[in-house]
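Chemist: Here's a sequence, model it:
(one chain, ligands or ions: 2)
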Amino acid sequence: MKLMVIGLGQCGSRIADEFARLNRRAHSERRAKIITGAFAVNTDQADLTGLSHISSDYMHRILIGGRKTWGHGVGKVNEMGAELAREDGDKVIDAVRTAPDFYQTHAFLLVAGGAGGTGSGAISVITQMLKERYVGKPVYALIALPFEHEEVAELRSVYNTATCLKSIQSVADGVFLADNQRYVRKDASMSTNLMRINTQIVEPFYDLMCAGEITNSRHVGSKTLDAGDIMQSIDGWTAIGVGRTEIPRSFRFPWELSRGSFRDKSSETMRAMQAMDAAVSELSIACGPEDAGRALYLMSAPAKEMSMDIAKGLGDYLRELAENAVIRAGDFPGEKGVIDVTIVLSQLAFVQKVRDYYDRASAFAQTQKERIKDTTGRLRDMDDAAKGLPSLI
Ligand SMILES: Nc1nc2c(ncn2[C@@H]2O[C@H](COP(=O)(O)OP(=O)(O)OP(=O)(O)O)[C@@H](O)[C@H]2O)c(=O)[nH]1
Ligand SMILES: [Mg+2]
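Modeler: Ligands and ions are numbered 1, 2, ... in the order given. As a prediction, the model looks like this:
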């Protein structure tokens, strides 16, 4: 599947930058093209300059709201992020429309951090603009959810995330959720953590996007998962993950496998299931597989490790986990010595974390309203106290 990726705000732009890197990797490792364009959109000029892989011209690093923010961001006010996107969104549409590979694009992927101002506010507006212009091309969103410490320190980040999620869910064809907190490693510094997290967020997309795009026959699977299958599997709230198991060295040689004993076969299936278990535990957001209406898995393993038995084993296993989902599957001859399983759980009917954002943000909005009323009343009292004095202006 070929995606056109648009990152909004700092978080979104950095993740889009990672997708641009993934495209280079796909090209060098598999001769595949998986990105038809990568763009960064921000109200902050300095943040646009800090990217590495997205082309550095103004058609790929797009400054919006420059006249109003002087290139310094919107300071976490996502209403302003949305407003500036409405005013300057045409810049993004123009860049997309004139991208040389636009017509090869299967779908758009827009990325933002939910807790910020620019990305959180702009993502739904730009999604809506794309949907109005390009009917029939799905628009997906990928939202990074804030770290716990941000939620504790600043309730505004909960409120921003909730309003961002509510808005994007109503316009996008599917919303991938990536919970920053799930990727945290305690011993790393903030900047290396963010870089590592971004790599981990995009990693599960790699095999998925490559699967249908590989032209080199060495890499074509027996049951190819193409863009159509993937698009049928993405709808509404979505989680994605990839898991890996190593194949023990003794199994890597053909003469070991040619014995083909029952035990070898069953341990192969076990290994594939272990990779699937790892994918489920590495999902980008905590969710119950039983809440998924659609599910997809993709196995990538050395050709000789793949068999109908294993595919059936994995299929049965996922059916047990995601009992209410329509399941799609594919395979893909991958790297030597490892089995990777990518999982997408979509059309999730319930996500605890989203529900919590909605509840906490509604309470926050109510307290804010009361606080404003209280402050206005007290200001009026003070003004009243000065009523009898003359004014100098
Ligand atoms: N995964 C990940 N999350 C990030 C990154 N940078 C920021 N975030 C998260 O995104 C949220 C803040 O959003 P930003 O992208 O910095 O905000 P913005 O969209 O630029 O908006 P303003 O700066 O307010 O104009 C916070 O919850 C951060 O934890 C990043 O590189 N990776
Ligand atoms: Mg910013």
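Chemist: hey, where'd the strands end up in the chain?
Modeler: Along the chain, counting by DSSP state E, strands occupy 3-8, 35-42, 61-63, 107-113, 139-145, 174-179, 236-246, 294-301, 326-333, 338-346.
Chemist: export these to JSON lines and tack on distance to ligand 1, mean neighbour count and mean pLDDT?
Modeler: To be clear about C-beta, it is placed using only N, CA and C from the backbone, and glycine gets the same treatment. Output for those, formatted as JSON lines (distance: least, CB to the nearest ligand atom, whole Å; neighbours: other CB atoms under 10 Å; pLDDT from 0 to 100):
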{"stretch": "strand 3-8", "distance to ligand 1": "6", "mean neighbour count": "29", "mean pLDDT": "98"}
{"stretch": "strand 35-42", "distance to ligand 1": "6", "mean neighbour count": "26", "mean pLDDT": "98"}
{"stretch": "strand 61-63", "distance to ligand 1": "12", "mean neighbour count": "21", "mean pLDDT": "97"}
{"stretch": "strand 107-113", "distance to ligand 1": "2", "mean neighbour count": "28", "mean pLDDT": "98"}
{"stretch": "strand 139-145", "distance to ligand 1": "4", "mean neighbour count": "27", "mean pLDDT": "98"}
{"stretch": "strand 174-179", "distance to ligand 1": "7", "mean neighbour count": "24", "mean pLDDT": "98"}
{"stretch": "strand 236-246", "distance to ligand 1": "14", "mean neighbour count": "21", "mean pLDDT": "96"}
{"stretch": "strand 294-301", "distance to ligand 1": "23", "mean neighbour count": "26", "mean pLDDT": "94"}
{"stretch": "strand 326-333", "distance to ligand 1": "27", "mean neighbour count": "20", "mean pLDDT": "91"}
{"stretch": "strand 338-346", "distance to ligand 1": "19", "mean neighbour count": "26", "mean pLDDT": "96"}
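Chemist: Put together CSV for those, with distance to Glu370 on each row.
Modeler: Putting the strands of the chain into CSV (distance: least, CB to CB, whole Å) gives the following:
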stretch, distance to Glu370
strand 3-8, 32
strand 35-42, 34
strand 61-63, 38
strand 107-113, 29
strand 139-145, 27
strand 174-179, 31
strand 236-246, 31
strand 294-301, 42
strand 326-333, 46
strand 338-346, 39
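Chemist: looking at these, which is closest to Val125?
Modeler: Closest to Val125 of these, according to CB to CB: strand 3-8, at 9.4 Å.
Chemist: between the strands of the chain, which one is nearest to Gly288?
Modeler: Of the strands of the chain, nearest to Gly288 by CB to CB is strand 338-346, at 8.9 Å.
Chemist: Isn't Ile62 up against Ala95?
Modeler: Yes - assessed by CB atoms under 8 Å, Ile62 is found in contact with Ala95 at 6.0 Å.
Chemist: returning to that earlier point: possible to save the strands of the chain as JSON lines with distance to ligand 2?
Modeler: JSON lines is the format used below for those (distance: least, CB to the ion, whole Å):
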{"stretch": "strand 3-8", "distance to ligand 2": "10"}
{"stretch": "strand 35-42", "distance to ligand 2": "6"}
{"stretch": "strand 61-63", "distance to ligand 2": "12"}
{"stretch": "strand 107-113", "distance to ligand 2": "9"}
{"stretch": "strand 139-145", "distance to ligand 2": "13"}
{"stretch": "strand 174-179", "distance to ligand 2": "18"}
{"stretch": "strand 236-246", "distance to ligand 2": "25"}
{"stretch": "strand 294-301", "distance to ligand 2": "33"}
{"stretch": "strand 326-333", "distance to ligand 2": "37"}
{"stretch": "strand 338-346", "distance to ligand 2": "29"}
